[in-house]
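Peer 1: fold the stuff below for me.
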Amino acid sequence: MKTIAELEDFMTVPSDELVQDILQLDGDIMILGVSGKMGPTLAKMAKRAVELAGVPKRVIGVARFSDQSLVDELEGAGVETIKADLLKEEDLKSLPPVKNIIYMAGTKFGTVGNEHYTWAMNAYLPGRVAEKFKDSRIVAFSTGNVYPFTDVVSNNCTEDVKPNPVGEYAQSCLGRERIFTYFSQKNGTPMVMFRLNYAIDLRYGVLLEIAKQVHQGLPIDLTMGNANVIWQGDANEYAIRSLLHASSPPKLLNVTGPEVLSIRWLAHEFGKRMKKEPLFVNTESPTALLNNASHAHKLFGYPRVTVEQMVDLIADWVVGDGHTINKPTHFQEREGAF
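Peer 2: Numbers count the residues shown, from 1 in each chain. You can find the predicted model right below:
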């Protein structure tokens, strides 16, 4: 792939299983916070699945939309758009009633020094949304950051592990889950807490960051020596299909790839493809921020795009100077300061 258009076309192809799930899903789909890194491709995939299913179902994206070009892009793909600031009560109240909500609104980077805004977005706003859409089903994006660090050998961090978040960002994400859970039980609203670990696109993500460091000859910190990743297209598909698994109390769902990946191994794989020798600093810790997504794989199957495919694609993208989004994951962070 050489262009963003090729990338997004590949990333938004729905599987036959997603099309079948769309046939079973009653009601329209609204994506709150659609303008983030994952939202546009999720909306396009949902629309393509609706078209293939041949059902009269609307896909609606809601965001502040500071960039008009994104509005044009989404509407060109058949996704309806609504410009709204969800923290403004009048904007939230004006949204139409929709049966299926995928909640992607939130904030992470810039938390240090701006903690009050992070808590407002990640823990206050979910309560307002849950009240507004109490008669809907809601898939709420969360994060594996709510978990404690996990032994990289056992990788036993399933949904049964009790949260123990490190730092205010991760604490506010657990706050989001707790608030949604309160309103789910109060109103009987079916929900899924979608605990995602590191979606991968060619333009951002853990693998891109490692690839760029190898390509530029920069040292790679091995302190956080392992990570989980999943192709963004697969994560988006899991999110849409999760609507049929919403329950009250909410269903907890870990979402990532099946492997515990070595950062050192990934760097060497990129090095082989780029004809470069990776540089390292520090040594691997025995624990990392991981989750075990075996249950999601049981529900939806293994991700369609493999780690080796991702490494091949990203190596070509970096060597070819493909467009990137300057939004680092800071996956190396062990103190929870974002």
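Peer 1: can you show me the strands along the stretch 101-250 of the chain?
Peer 2: Along the stretch 101-250 of the chain, the segments classed as strands by DSSP state E, counting those that start in this stretch run 137-143, 150-151, 191-196, 199-200, 219-221, 226-227, 230-231.
Peer 1: can I get these in a markdown table with distance to Arg64, mean neighbour count and mean pLDDT?
Peer 2: C-betas here are computed from N, CA, C, even on glycine. Formatted as a markdown table, the strands of the stretch 101-250 of the chain follow (distance: least, C-beta to C-beta, whole Å; neighbours: other C-beta atoms under 10 Å; pLDDT from 0 to 100):
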| stretch | distance to Arg64 | mean neighbour count | mean pLDDT |
| --- | --- | --- | --- |
| strand 137-143 | 17 | 27 | 97 |
| strand 150-151 | 35 | 17 | 92 |
| strand 191-196 | 22 | 26 | 98 |
| strand 199-200 | 21 | 26 | 94 |
| strand 219-221 | 34 | 14 | 95 |
| strand 226-227 | 31 | 26 | 94 |
| strand 230-231 | 27 | 25 | 97 |
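Peer 1: okay if I get the ones you listed as JSON lines plus distance to Arg264?
Peer 2: What follows is the strands of the stretch 101-250 of the chain, written out as JSON lines (distance: least, C-beta to C-beta, whole Å):
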{"stretch": "strand 137-143", "distance to Arg264": "24"}
{"stretch": "strand 150-151", "distance to Arg264": "18"}
{"stretch": "strand 191-196", "distance to Arg264": "24"}
{"stretch": "strand 199-200", "distance to Arg264": "18"}
{"stretch": "strand 219-221", "distance to Arg264": "8"}
{"stretch": "strand 226-227", "distance to Arg264": "9"}
{"stretch": "strand 230-231", "distance to Arg264": "20"}
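Peer 1: and Lys83, its phi and psi?
Peer 2: Dihedral pair for Lys83: phi -90, psi 120, per degrees, to the nearest 10.
Peer 1: quick check: pLDDT value at Leu208.
Peer 2: pLDDT recorded at Leu208 is 95.
Peer 1: do the same with the one 4 residues further on
Peer 2: Taken from the predicted model, the pLDDT recorded for Lys212 is 95.
Peer 1: what's the nearest residue to it if we skip its chain neighbours?
Peer 2: Residue nearest to Lys212 in three dimensions, not counting chain neighbours: Val318, with 5.9 Å by C-beta to C-beta, 6 or more residues apart in numbering.
Peer 1: one step back: can you tell me which of the strands of the stretch 101-250 of the chain is nearest to Ser69?
Peer 2: strand 199-200 (22.2 Å; C-beta to C-beta).
Peer 1: parallel or antiparallel, list what pairs with that closest one.
Peer 2: Counting by DSSP bridges, the strands paired with strand 199-200 are strand 230-231 (parallel).
Peer 1: where does the protein dip in pLDDT?
Peer 2: In the predicted model of the chain, residues 109-112, 330, 334, 336-338 satisfy pLDDT under 70.
Peer 1: and the residue nearest to Lys212, backbone torsions?
Peer 2: Dihedral angles (degrees, to the nearest 10) for Val318: phi -70, psi -50.
Peer 1: ok, which of the strands of the stretch 101-250 of the chain comes nearest Lys47?
Peer 2: Nearest to Lys47 among these is strand 137-143 (16.6 Å), distances taken as C-beta to C-beta.
Peer 1: who's in contact with the closest one?
Peer 2: If you take C-beta atoms under 8 Å, 6 or more residues apart in numbering as the criterion, strand 137-143 is touched by 99-104, 106, 126, 129-130, 170, 173, 176-177, 180, 184, 189-197, 239-240, 242-243, 246, 250.
Peer 1: parallel or antiparallel, list what pairs with it.
Peer 2: Strand pairing for strand 137-143, determined by DSSP bridges: strand 100-103 (parallel), strand 191-196 (parallel).
Peer 1: I'd like to know which of those lies nearest to Gln68.
Peer 2: strand 100-103 (22.8 Å).
Peer 1: residues contacting that closest one, please?
Peer 2: Under C-beta under 8 Å, 6+ apart, the answer for strand 100-103 is 25, 27-33, 42, 126, 129, 133, 136-141, 239-240, 243.
Peer 1: how distant is the lengthiest helix in the chain from the center of its chain?
Peer 2: Ranked by residue count, the top helix of the chain under DSSP state H comes out as helix 168-187. Relative to the centre of its chain, helix 168-187 is centred 17 Å away, using C-alpha atoms, centre = their mean, to the nearest Å.
Peer 1: repeat for stretch 138-156
Peer 2: Its chain's average C-alpha position is 13 Å from that of stretch 138-156, according to C-alpha atoms, centre = their mean.
Peer 1: all further residue positions should be reported with the first residue as 41.
Peer 2: With 41 as the first residue, the last one maps to stretch 178-196.
Peer 1: with just CA atoms, put that stretch into PDB.
Peer 2: What follows is stretch 178-196, C-alpha atoms only, in PDB (Å, rounded to 0.1, in the frame of the first residue of the first chain):
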ATOM      1  CA  ILE A 178     -23.700   1.000  24.200                       C
ATOM      2  CA  VAL A 179     -20.200  -0.200  23.400                       C
ATOM      3  CA  ALA A 180     -17.900   2.000  25.400                       C
ATOM      4  CA  PHE A 181     -14.200   2.100  24.400                       C
ATOM      5  CA  SER A 182     -12.000   1.600  27.400                       C
ATOM      6  CA  THR A 183      -8.400   0.500  27.800                       C
ATOM      7  CA  GLY A 184      -6.100  -2.200  29.100                       C
ATOM      8  CA  ASN A 185      -4.500   0.600  31.200                       C
ATOM      9  CA  VAL A 186      -7.200  -0.200  33.900                       C
ATOM     10  CA  TYR A 187      -5.300  -3.400  34.700                       C
ATOM     11  CA  PRO A 188      -2.200  -3.800  36.800                       C
ATOM     12  CA  PHE A 189       1.100  -4.800  35.200                       C
ATOM     13  CA  THR A 190       1.100  -8.500  34.200                       C
ATOM     14  CA  ASP A 191       3.900 -11.100  34.300                       C
ATOM     15  CA  VAL A 192       4.900 -11.400  30.600                       C
ATOM     16  CA  VAL A 193       5.300 -15.200  30.900                       C
ATOM     17  CA  SER A 194       1.900 -16.000  32.300                       C
ATOM     18  CA  ASN A 195      -0.100 -13.300  30.500                       C
ATOM     19  CA  ASN A 196      -3.100 -14.200  32.700                       C
END
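Peer 1: much appreciated, bye for now.
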